[in-house]
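Participant: sequence-free structure coming up:
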């Protein structure tokens, strides 16, 4: 499975962005997630969604502001980011895992830069 993230950009604080992750294979076989890495910091978990899309969970730092969704027919996953803050600035990565909720991710996409100005 190859993953391609897109949708990043520069936005003012309080604004919104929608990231997309397109997969070369059938995403329905995998749980999907988004991670991010800010300069000088370790990569951190942002959000995940089960294979069916019925279950999601989020990092506390984005809960209530971000939503994750998927379209298994189009093999895409989206991260809707609202009320963005400067601390959300990071490179965002999508990832796929065979076992939802595990710490192991089997495939990673390249990142897309999100920059939030104050």
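Facilitator: Nice, thanks for sending it over. Worth saying up front: this structure is predicted, and the values here are computed from it rather than measured.
Participant: now do the contacts for the residue nearest the centre of the chain.
Facilitator: Central residue of the chain (Cα atoms, centre = their mean): residue 34, 2.7 Å from the mean position. If you count contacts by Cβ atoms under 8 Å, 6 or more residues apart in numbering, residue 34 has them with 19, 21, 46, 47, 48, 68, 77, 79, 92, 93, 94, 95. Yep, even glycine has a C-beta here, placed from its N, CA and C like the rest.
Participant: that one - that's part of a helix, no?
Facilitator: No - Residue 34: not assigned to a helix; according to DSSP: H, G, I helix; E, B strand; the rest coil it is strand.
Participant: give me the nearest residue to it, chain neighbours excluded.
Facilitator: Excluding the flanking residues, the one nearest residue 34 by Cβ to Cβ, 6 or more residues apart in numbering is residue 46, at 4.3 Å.
Participant: how far away is the one you found from residue 26?
Facilitator: Look at residue 46 and residue 26: by Cβ to Cβ, to the nearest Å, they are 23 Å apart.
Participant: compare these two (neighbour count), which wins?
Facilitator: Using other Cβ atoms under 10 Å, the more surrounded residue of residue 46 and residue 26 is residue 46, with 23 against 11.
Participant: list the residues that contact that one.
Facilitator: Contacts here follow Cβ under 8 Å, 6+ apart; on that basis residue 46 touches 33, 34, 35, 36, 58, 59, 62, 66, 79, 92.
Participant: same thing but 6 Å
Facilitator: The contact partners of residue 46, taken as Cβ atoms under 6 Å, 6 or more residues apart in numbering, are 34, 35, 36, 59, 62.
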